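Visitor: What shape does this take:
(chains A and B)
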Amino acid sequence: MSSSLHDRPTATELLDAVASTLDNNVLPAVEGGVRHDVRVAANLCRIIARELGAAEAAVAVAGRYQAIVGDDSLEGAELLAAVSRMVDSGELAGADEAAARAAALAHVTAKLAVSQPGYDDSATS
Amino acid sequence: MASELVDDIGAGLRRAFAAAGDDVEVTMGERASAGATRATLFAELMRSGSGAIVPVVVQVDLFDDTDLAEKRSTMAAESACLRLAKAAGVRVPAVLLASDDGTYLGGSFTVCTRIDGLTIPRHILRAVAADPGLGPRLTYQCGESLARLHAIEVGDVPESVRRLDEPTPSAAYVAERAEAHLELLQPSPAMALGLRWLQRETPSQPAMPSLVHGDFRNGNIIVDPNDGLAAILDWEIAHVGDPMEDLAWLCTRFWRFGNDHLPVGGFGRVADLRAGYESAGGVWRDDAFQWWLAARALWWAQGLAGQARSYVTGLTDALVLAASGRRVAEMEYDLLMLTA
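Guide: Numbers count the residues shown, from 1 in each chain, chains lettered A, B, ... in the order given. Got it, this is the predicted structure:
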């Protein structure tokens, strides 16, 4: 059940509608470099729509990073900065570095689920 | 600082050629692309008194300095690299005129011969899918051309071309990455871990540093569907460094455009690239190939983040550059896989 006070369509539904309109109505009507912009715009709408539904995954990633820095009050950019600083300083070694790597992979995988689903399914090299 | 193209490019070109002692008529064609840092235009030249028409590509630099891209060579230095490459048998367009004087067109510029063929990566991959012989041929030719490029006497490379080889190419490159790491708009644990790995692992070094193209990939080549590699474009971040850097970048997943079963640009196999490279005298170092794959993954993660930053800070309003922020995760994933 959505907690939004706003009317239907929901934000996600509207973003899907904008993306479909860009792809199906705008793209066939434009030429040249604008076509690429239209495709990018439609893709961004779909990314944002997925991001709106991915709040739980973000919380789980934050929990793993908070465990590494030992401070569950940190969030967002501050939390990322604290983890990065620990890595940069070289104070993480062995099992701690492996834990940071596992958390970073979970973080990146969560971002890919929003920005490029399926990217982490196949081999990279 | 950004500058603007002059209104009458044709007249500016005519004056620039005249100043170089060449009397030409100029007919402007369409504007091919408006990149973030340079404009690319098509034109036709006709020498006075001769009926021969030469199709050319004009590139004008519209930023003196920018955080949209890697620190770049001047147009004059870049075209000096192009001339060296051509003399060495690398497939490149001929430079007709190059100047760092911004008074003619609004920025420093080059004029090169226009070479026919496919440039859009998806068109190249479609041609490769339609002709089973094209991919292996193109891949082998890429290896050959890179070996010829890397064999150029470094002493002949102009002073103004960046040198990334002190104390070693890999150490110089890691130092640059560490510097860029501090400038991230959003801290990245994945990039921090990748940087640590690069600092810890040291690849083998080339016997000699080489002139490196720096951006040799699907998207910066012209392909003739019948003959394969027709030309290598976009020499703006050419530098002196480790030749394996070029081979790794060509094999980076980002530039396969989804065609992941063919690691070389989405069109070929590493064995064919290596065979072409070694046939023209190149020395393939596999450990360095792996190291540079990771190094360039971090570079491009930082590059995409930098493009996003240039949007967020108001340096550009290009949607494509804003969208780059949401592609950083792909490079972070590759980086983690390559450094596991």
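Visitor: B:Leu184 - how many residues pack around it?
Guide: Around B:Leu184 there are 19 other residues, counting by other Cβ atoms under 10 Å in any protein chain shown. Quick note: C-beta positions are derived from backbone N, CA and C, even for glycine.
Visitor: For the nearest residue to it once chain neighbours are set aside, list the residues it contacts.
Guide: Of all residues beyond its chain neighbours, the one nearest B:Leu184 is B:Ala305 (5.7 Å), with distances taken as Cβ to Cβ, 6 or more residues apart in numbering or on different chains. Applying Cβ atoms under 8 Å, 6 or more residues apart in numbering or on different chains, we find B:Ala305 in contact with B:Leu184, B:Leu185, B:Gln186, B:Ser188, B:Ser324, B:Gly325, B:Val328.
Visitor: Need the pLDDT of the last one.
Guide: This means B:Val328. Reading off the confidence values, B:Val328 has pLDDT 98.
Visitor: Just say helix, strand or coil for B:Val111.
Guide: Taking DSSP: H, G, I helix; E, B strand; the rest coil as the rule, one finds B:Val111 in the strand state.
Visitor: right, and it touches B:Leu13 too?
Guide: Yes - under the criterion of Cβ atoms under 8 Å, B:Val111 makes contact with B:Leu13 at 7.1 Å.
Visitor: joint contacts of those two?
Guide: Overlap of the contact sets of B:Val111 and B:Leu13 (by Cβ under 8 Å, 6+ apart) consists of B:Ala43, B:Val58.
Visitor: Can you give me the neighbour number for the spatially closest residue to A:Val69 that is not a sequence neighbour?
Guide: For A:Val69, the nearest residue in space outside its immediate sequence neighbours is A:Ala82; the separation is 4.5 Å by Cβ to Cβ, 6+ apart. A:Ala82 has 18 neighbouring residues, counting by other Cβ under 10 Å.
Visitor: so where's the longest helix in chain B?
Guide: Using DSSP state H, we find that the single longest helix of chain B is helix B:286-312.
Visitor: quick one: buried residues of that helix?
Guide: Of the residues in helix B:286-312, those buried by neighbour count under the rule 16 or more other Cβ atoms under 10 Å in any protein chain shown are B:288-311.
Visitor: low pLDDT regions in the chain?
Guide: Going with chain A. A:1-2, A:122-125 (pLDDT under 70).
Visitor: nope, chain B
Guide: Applying pLDDT under 70 to chain B flags the ranges B:1-3, B:33-37, B:63-73.
Visitor: Tell me the residues of it that contact chain A?
Guide: Within chain B, the residues that sit near chain A (Cβ under 8 Å from any Cβ of the partner chain) are B:33-34, B:181, B:186-193, B:195-196, B:251, B:253, B:260, B:263, B:293, B:319-320, B:322-323, B:326-327, B:329-330, B:332-334, B:336-338, B:340.
Visitor: and with 6 Å instead?
Guide: Counting by Cβ under 6 Å from any Cβ of the partner chain, the residues of chain B close to chain A are B:186-187, B:189-190, B:192-193, B:196, B:253, B:260, B:319-320, B:323, B:326, B:329-330, B:332-334, B:336-337.
Visitor: How many residues are close by B:Ala207?
Guide: Residue neighbour count, defined by other Cβ under 10 Å, stands at 9 for B:Ala207.
Visitor: Can I take it that B:Glu44 is in a helix?
Guide: No - assessed by three-state DSSP, B:Glu44 does not belong to a helix; its assignment is strand.
Visitor: Now do it against B:Leu13, distance only.
Guide: Taking Cβ to Cβ, to the nearest Å as the measure, B:Glu44 falls 11 Å from B:Leu13.
Visitor: B:Val111 and B:Leu13: who's more crowded?
Guide: Set B:Val111 next to B:Leu13 and count neighbours by other Cβ under 10 Å: B:Val111 wins out with 28 against 25.
Visitor: Run a quick neighbour tally on B:Glu330.
Guide: Summarising burial for B:Glu330: neighbours were counted as other Cβ under 10 Å, giving 23.
Visitor: If you count neighbours, what's buried in the helix or strand hosting it?
Guide: Under DSSP states H and E, the secondary-structure element containing B:Glu330 is helix B:328-338. Within helix B:328-338, the residues that qualify as buried by neighbour count (16+ other Cβ under 10 Å) are B:Val328, B:Ala329, B:Glu330, B:Met331, B:Glu332, B:Tyr333, B:Asp334, B:Leu335, B:Leu336, B:Met337, B:Leu338.
Visitor: And these, which is closest to B:Asp23?
Guide: Within those, proximity to B:Asp23 (Cβ to Cβ) peaks at B:Met331, which comes in at 49.1 Å.
Visitor: so who does the nearest residue to the closest one once chain neighbours are set aside touch?
Guide: Once its chain neighbours are removed from consideration, B:Met331 has its nearest residue in B:Ala301; the separation is 3.6 Å (Cβ to Cβ, 6+ apart). For B:Ala301, the residues meeting the contact criterion (Cβ atoms under 6 Å, 6 or more residues apart in numbering or on different chains) are B:Met191, B:Val328, B:Met331, B:Glu332.
Visitor: possible to save these as a markdown table with distance to A:Ala55?
Guide: Formatted as a markdown table, those follow (distance: Cβ to Cβ, whole Å):
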| residue | distance to A:Ala55 |
| --- | --- |
| B:Met191 | 24 |
| B:Val328 | 20 |
| B:Met331 | 24 |
| B:Glu332 | 21 |
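Visitor: Can you tell me which of the residues you listed is nearest chain A?
Guide: The shortest distance between chain A and any of those, using Cβ to the nearest Cβ, involves B:Glu332 and amounts to 4.7 Å.
Visitor: and the gap between that closest one and B:Pro93?
Guide: Going from B:Glu332 to B:Pro93 by Cβ to Cβ gives 35 Å.
Visitor: same check, this time on A:Ala82
Guide: From A:Ala82 across to B:Pro93, the span is 50 Å (Cβ to Cβ).
Visitor: Strands along the chain, start to end?
Guide: In the absence of a named chain, this looks at chain A. Assignment of strands within chain A using DSSP state E yields no ranges at all.
Visitor: my bad, the chain I had in mind was chain B
Guide: B:24-34, B:38-47, B:53-61, B:95-99, B:109-113, B:210-212, B:221-224, B:228-232, B:239-241.
Visitor: Please identify the most buried of the ones you listed.
Guide: When you average the neighbours per residue for each of the strands of chain B (mean count of other Cβ atoms under 10 Å in any protein chain shown), strand B:210-212 leads with a mean of 27.
Visitor: Can you pull out the residues in contact with that one?
Guide: For strand B:210-212, the surrounding residues in contact (Cβ under 6 Å, 6+ apart) are B:His150, B:Ile152, B:Val157, B:His239, B:Gly241, B:Pro243, B:Glu245, B:Asp246.
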